[in-house]
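Visitor: sequence first, predicted coordinates after that:
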Amino acid sequence: MTKTIYLVRHGQTFFNFHHKVQGRCDSPLTDLGIRQVVKTREYFKQAGLKFQYAYSSTQERAVDTLEILVPQMPYVRLKDLRERDYGIYEGDDEYLLPWNNGGANTIETMEAPEDTVVRMSRAVSFILDRMEDGETALVAGHGEILARYLRFATGETAFPGFRNAAYARLEYADDNPEKASFIETGWPAEGLA
Amino acid sequence: MAIELYLVRHGETLFNQQHRMQGSSDSPLTERGKKQALAVRDYFAQHSLEFDHAYCSTQERTSDTLEIILGQGVPYKRLKNLKERNYGFAEGRGIWWYPIAKLLQPPMESRQAATARIKRAMMRIQRDAQDGERILIVGHGDTLSSYIRATCQDARFFDFNNCGVAKLTSDGQKVTFDSYVWPGKKI
């Protein structure tokens, strides 16, 4: 038997809309962001999905997303699920990021990309430990850390990334956070403007 | 009937340090901010102050501050109405944007709306408290200050520093301002 985890990225936020670097900093969901998450909730409902566990990062955009996806369901906030720390670039315009200017993909004050994968694996291990076979957990999180973890754990190096309120379904045959099967990804909110 | 309310502003954050407007947006506590919160923890310990209930806003800088003050594992409630005022266009931008931002989109939350919001949160907190209880509320500079000015007549109060602590007393009807201290002043 397997354990299933659905990873969902938060809906669009003000900083997403204004193309500000948003890692450890946070901003509220926009109206569009809220509607995107509602679309994902409707998709889950149509698919007849039931979640036994709900997790979110400690950042408000993920918590707000989770509260829309599974209203009234008790949830746990994990610090390990937070987005990558972009250091001094937090809150600045995205075009200033070094990788948008032909520079390296990391500088000293940023969290190393490998560390985000270590953190996420730790969180997934925590989540798997508390699940029984056959159960499904919903995890609300952030674009870069979710994508890096997914590529690492499933081997799907061509995975394109998470749009706002997009989801991915992963399955675990044994309690190893570093070995997941990639089942599918979707963006129910595609086409919303 | 008497309830003691300890209002604490969160510790210094990255945006505070960079002089950016930080209302509905959020950024992590700096090392200094964490030390400021530890100073509040020490202050409460030195004065043997223990809390029957603890609240903070849904923004991470207040829950992080509260978790340092009370320690891990102590239960607390997060309330959306304790959030900071939304500065609209100015969010995340330099503080000099504040006056111009009032005219731009997305709209800034008015001081009146933010004050009404925090009054609702504070009324709910007091309604849920029993006589003689002591409550910790970790919140934000603008909204906590507005609450004090709106409800406590003659409050000798100016402004909240990061991790400043204001003590209020409520008799169920009226709230009075007792004192303000800043345990983290020298940090």
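Guide: Looks like it came in fine.
Visitor: give me the most central residue, chain A.
Guide: A:G141 (3.0 Å; Cα atoms, centre = their mean).
Visitor: low-confidence ranges in chain A?
Guide: Counting by pLDDT under 70, chain A has low-confidence residues at A:105-106.
Visitor: from chain B, how far off is the residue located most distally from the centre of chain A?
Guide: Distance from the C-alpha centroid of chain A, by Cα atoms, centre = their mean, peaks at A:G102 (26.4 Å). Using Cβ to the nearest Cβ, to the nearest Å, one obtains 26 Å as the distance from A:G102 to chain B. Quick note: C-beta positions are derived from backbone N, CA and C, even for glycine.
Visitor: and that residue, how far from B:I3?
Guide: Distance, A:G102 to B:I3, by Cβ to Cβ, to the nearest Å: 60 Å.
Visitor: make sure B:F157 is actually in contact with B:I148.
Guide: Yes: using Cβ atoms under 8 Å, B:F157 is in contact with B:I148, at 5.3 Å.
Visitor: what's the residue nearest in space to the middle of chain B in contact with, if anything?
Guide: Nearest to the mean C-alpha position of chain B, by Cα atoms, centre = their mean, lies B:G139 at 2.2 Å. Residues in contact with B:G139 (Cβ atoms under 8 Å, 6 or more residues apart in numbering or on different chains) are B:7-10, B:56-57, B:62, B:82, B:84, B:118.
Visitor: got those as TSV, with distance to chain A, pLDDT and secondary structure columns?
Guide: As requested, the contacts of B:G139 are exported to TSV (distance: Cβ to the nearest Cβ, whole Å; pLDDT from 0 to 100; DSSP: H, G, I helix; E, B strand; the rest coil):
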residue	distance to chain A	pLDDT	secondary structure
B:L7	21	98	strand
B:V8	19	98	strand
B:R9	18	98	strand
B:H10	13	98	coil
B:C56	12	98	strand
B:S57	9	98	strand
B:T62	10	98	helix
B:L82	12	98	helix
B:E84	11	98	coil
B:I118	17	98	helix
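Visitor: specify which member of those residues is nearest to A:V37.
Guide: When the contacts of B:G139 are compared for distance to A:V37 (Cβ to Cβ), B:S57 comes out closest, at 20.9 Å.
Visitor: let me see the contact set for that closest one.
Guide: Contacts of B:S57 (Cβ under 8 Å, 6+ apart): B:63, B:78-80, B:82-84, B:138-140.
Visitor: for B:M21, same thing?
Guide: Counting by Cβ under 8 Å, 6+ apart, B:M21 has contacts B:15, B:87, B:90-95, B:97-98, B:101.
Visitor: how close does the closest residue to it other than its chain neighbours get to A:D92?
Guide: Once flanking residues are discounted, B:M21 sits nearest to B:A90: 4.2 Å by Cβ to Cβ, 6 or more residues apart in numbering or on different chains. In this view, B:A90 and A:D92 are 15 Å apart by Cβ to Cβ.
Visitor: repeat for A:L128
Guide: The value you get for A:L128 to A:D92, if Cβ to Cβ is used, is 36 Å.
Visitor: again, but for B:R124
Guide: 37 Å.
Visitor: around chain B, pick out the residues from chain A.
Guide: Residues of chain A lying close to chain B by Cβ under 8 Å from any Cβ of the partner chain are A:14-15, A:20, A:24-28, A:58-60, A:63, A:85, A:90-91.
Visitor: repeat the analysis, applying 7 Å as the threshold.
Guide: A:14-15, A:20, A:24-28, A:58-60, A:63, A:90-91 (Cβ under 7 Å from any Cβ of the partner chain).
Visitor: and the strand or helix carrying A:Q36, what's buried?
Guide: Element membership for A:Q36 (DSSP states H and E) is helix A:31-46. If you call a residue buried by 16 or more other Cβ atoms under 10 Å in any protein chain shown, then helix A:31-46 has these buried ones: A:32-41, A:43-44.
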